[in-house]
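[1] Okay, sequence plus prediction incoming.
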Amino acid sequence: MDDLLIFLVILVAGIFFSELFKKLHLPYVLALIVAGIVIGPVGFNLVELTPAMLLLGSLGAIFVMFMAGLEVKTDYLAKIWKKVVLCAIINGGIPAAVGFAISYIFGYEIITSLIVGVIFISSSLAVILPTLQEKKLIGTNFGSILVGSVVIEDVVSLLLLSIILQTTDPTSTLPLPLFMVVVILSVLIIRKYLPKIEVAFFARARSGVEENVQFVFISLIAIAIFFEILGMHAIVAGFLVGLVLSKTIKEKPIESKLHVLSYGIFIPIFFLKVGIETDLTIFFKASSTILISLVIVVSLLFSKISTGYICGKIIGFPPKKRLLFGFSTIPQLSTSLAVTLTALDRGLIDTNLQVSIVLLSVTTVLLAPIVVGLLAKESKTINQ
């Protein structure tokens, strides 16, 4: 099928299901994922993901995290960093221990158990970010702590994966300590110099808004490529650029154009791509590994929800907001699947664990937007 026709079908399906789900008072993200399932191989098989669509979907994932970073103000984040780190440790550390213990109990080696633990650390915040933004939660105390802690969890999980891979099967010429130093220095340099480059560029921009948006886009792509070369996920670059530029992008026309570019094209395609790639037949394939699949899914849900609730209680959030925090951290998508596929390629996990993690991803991606939307809607005092 022609790329333009595929693009048209994807956009039309996204708009149709978005309007339908809006009338049913169901989350926007879920509408796009379901639309992708319907038009994808599991549904009517109307489209297949071409390289062009995969590229647009990848850009969508980066823009989701960029818009989240843009909403989190660094000055305020500096004031709550202790709470952010505490929640990252609790919501990432305890699930990691649970994932490790489960794998080890099922007879897997320590290295495989460590990989499952790493998967349990991460949370794919991109899945529920549009719902949180729709409820105006991202710029609040709750949203800042949630986003900050989950991003730390994702970065830590990717760093730990890099350490495990470098230890078992080195692919980089950089020694591991030097690799860590390069990553940290890169973040510090971007944080210090990108805003200065942006201000200088904006001052020279001929007509203003269009050039400024181009600068943001170029920065996103360039830093994402650099992070991928280092072995980090591109979505980390998206959040970092948004966070760094949040203090300097103050003009409403620029913010408006970035919002239209993100939510009008790239982000919907990302979630439609998630739906197209969602293999619901995994529920039938899991019958041969039903016990470990069930244990992994239930354990992840329980550990993430309970630790999120504990974080909320320590910080002083009301009960519904504590639950919202917990359920917001359950989605397992890009980071989890990237870790799983990489580990499978290296022979560090078997197909039973692969099926279990994919089943976990499908379950949490479909469940999280529904529950988060309901909890956010029911809480009348959600904004602080």
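    Thanks, I have it.
[2] Rounded mean pLDDT for whatever helix or strand Asp154 lives in, please.
    According to DSSP states H and E, Asp154 maps onto helix 141-168. Taken as a whole, helix 141-168 carries a mean pLDDT of 80.
[3] got it, and stretch 377-384?
    Mean per-residue pLDDT for stretch 377-384: 53.
[4] Could you number the chain from 16 rather than 1 from now on?
    Taking 16 as the first residue, the last one we looked at is stretch 392-399.
[5] re the thing from before, can you name every helix or strand that the helix or strand following the helix holding Asp169 contacts?
    Of the helices and strands lying after helix 156-183 in sequence (DSSP H and E), the nearest is helix 191-219. Using 3 or more C-beta pairs under 8 Å, 6 or more residues apart in numbering; DSSP states H and E, the elements in contact with helix 191-219 are helix 156-183, helix 224-245, helix 249-260. C-beta coordinates here come from the backbone N, C-alpha and C atoms, glycine included.
[6] Check the gap between Leu245 and Lys211 for me.
    Between Leu245 and Lys211 the distance, using C-beta to C-beta, to the nearest Å, works out to 22 Å.
[7] Please apply the same query to Ile178.
    Ile178 sits at a distance of 32 Å from Lys211 (criterion: C-beta to C-beta).
[8] Residues touching the host helix or strand of Pro268, excluding its own?
    Assessed by DSSP H and E, Pro268 sits inside helix 267-276. Under the criterion C-beta atoms under 8 Å, 6 or more residues apart in numbering, residues 78, 82, 85, 223-225, 227-228, 231-232, 264 lie in contact with helix 267-276.
[9] now it: how far from the chain's centre is it?
    22 Å (C-alpha atoms, centre = their mean, to the nearest Å).
[10] who's in contact with the nearest residue to Asn106 once chain neighbours are set aside?
    The shortest distance from Asn106 to any non-neighbouring residue, by C-beta to C-beta, 6 or more residues apart in numbering, is to Thr322 (4.6 Å). Listed by C-beta under 8 Å, 6+ apart, the contact partners of Thr322 are 105-106, 109-110, 341, 344.
[11] Val312 too?
    Contacts here follow C-beta under 8 Å, 6+ apart; on that basis Val312 touches 371, 374-375, 378.
[12] and with 7 Å instead?
    Val312 makes contacts with 374-375, 378, as judged by C-beta atoms under 7 Å, 6 or more residues apart in numbering.
[13] Including distance to Ala28, secondary structure and pLDDT, could these go into JSON lines?
    As requested, the contacts of Val312 are arranged in JSON lines below (distance: C-beta to C-beta, whole Å; DSSP: H, G, I helix; E, B strand; the rest coil; pLDDT from 0 to 100):
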{"residue": "Leu374", "distance to Ala28": "25", "secondary structure": "helix", "pLDDT": "83"}
{"residue": "Leu375", "distance to Ala28": "26", "secondary structure": "helix", "pLDDT": "88"}
{"residue": "Thr378", "distance to Ala28": "23", "secondary structure": "helix", "pLDDT": "87"}
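[14] so which of those comes closest to Ala93?
    Closest to Ala93 out of the contacts of Val312 is Leu375 (34.5 Å), distances taken as C-beta to C-beta.
[15] list the contacts for the closest one?
    311-312, 315, 347.
[16] how close does it get to Leu152?
    25 Å.
[17] Which residue, other than its chain neighbours, is closest to Thr355?
    Nearest-residue entry for Thr355: Ile372, 4.5 Å, with adjacent residues in sequence omitted and distances by C-beta to C-beta, 6+ apart.
[18] Gly51 too?
    With sequence-adjacent residues excluded and distances taken as C-beta to C-beta, 6+ apart, Gly51 is closest to Gly290, at 2.0 Å.
[19] residue contacts, the one you found?
    47-52, 55.
[20] Quick one: buried ones out of those?
    By neighbour count, with 16 or more other C-beta atoms under 10 Å, the contacts of Gly290 hold 47-52, 55 as buried.
[21] Dump the residues you listed to CSV, plus secondary structure, distance to Pro334 and pLDDT.
    Formatted as CSV, these follow (DSSP: H, G, I helix; E, B strand; the rest coil; distance: C-beta to C-beta, whole Å; pLDDT from 0 to 100):
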residue, secondary structure, distance to Pro334, pLDDT
Leu47, helix, 30, 86
Ile48, helix, 28, 83
Val49, helix, 30, 87
Ala50, helix, 34, 90
Gly51, helix, 34, 89
Ile52, helix, 33, 87
Gly55, coil, 38, 89
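[22] Distance to Asp294 for those - can I get that in JSON lines?
    Putting the buried ones among the contacts of Gly290 into JSON lines (distance: C-beta to C-beta, whole Å) gives the following:
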{"residue": "Leu47", "distance to Asp294": "17"}
{"residue": "Ile48", "distance to Asp294": "13"}
{"residue": "Val49", "distance to Asp294": "14"}
{"residue": "Ala50", "distance to Asp294": "16"}
{"residue": "Gly51", "distance to Asp294": "12"}
{"residue": "Ile52", "distance to Asp294": "9"}
{"residue": "Gly55", "distance to Asp294": "9"}
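[23] So what's the residue count around Glu270?
    Residues within reach of Glu270, counting by other C-beta atoms under 10 Å, total 14.
[24] Need the nearest residue in space to Ala46, chain neighbours excluded.
    Ala46 sits nearest to Phe36 (C-beta to C-beta, 6+ apart), 3.5 Å away.
[25] wait, the one you found sits on Leu45?
    Yes - Phe36 is within contact range of Leu45, at 6.4 Å (criterion: C-beta atoms under 7 Å).
[26] More neighbours: which of the two?
    Of the pair Phe36 and Leu45, Leu45 is the one with more neighbours under other C-beta under 10 Å, namely 26 against 20.
[27] Quickly find the element holding the more buried one.
    Using DSSP H and E, the element containing Leu45 is helix 43-54.
[28] How about Ile345?
    Under DSSP H and E, no helix or strand contains Ile345.
[29] That one and Ala103, how far apart?
    As judged by C-beta to C-beta, Ile345 and Ala103 stand 15 Å apart.
[30] more crowded one of these two?
    Higher neighbour count among Ile345 and Ala103: Ile345, with 26 against 22, using other C-beta under 10 Å.
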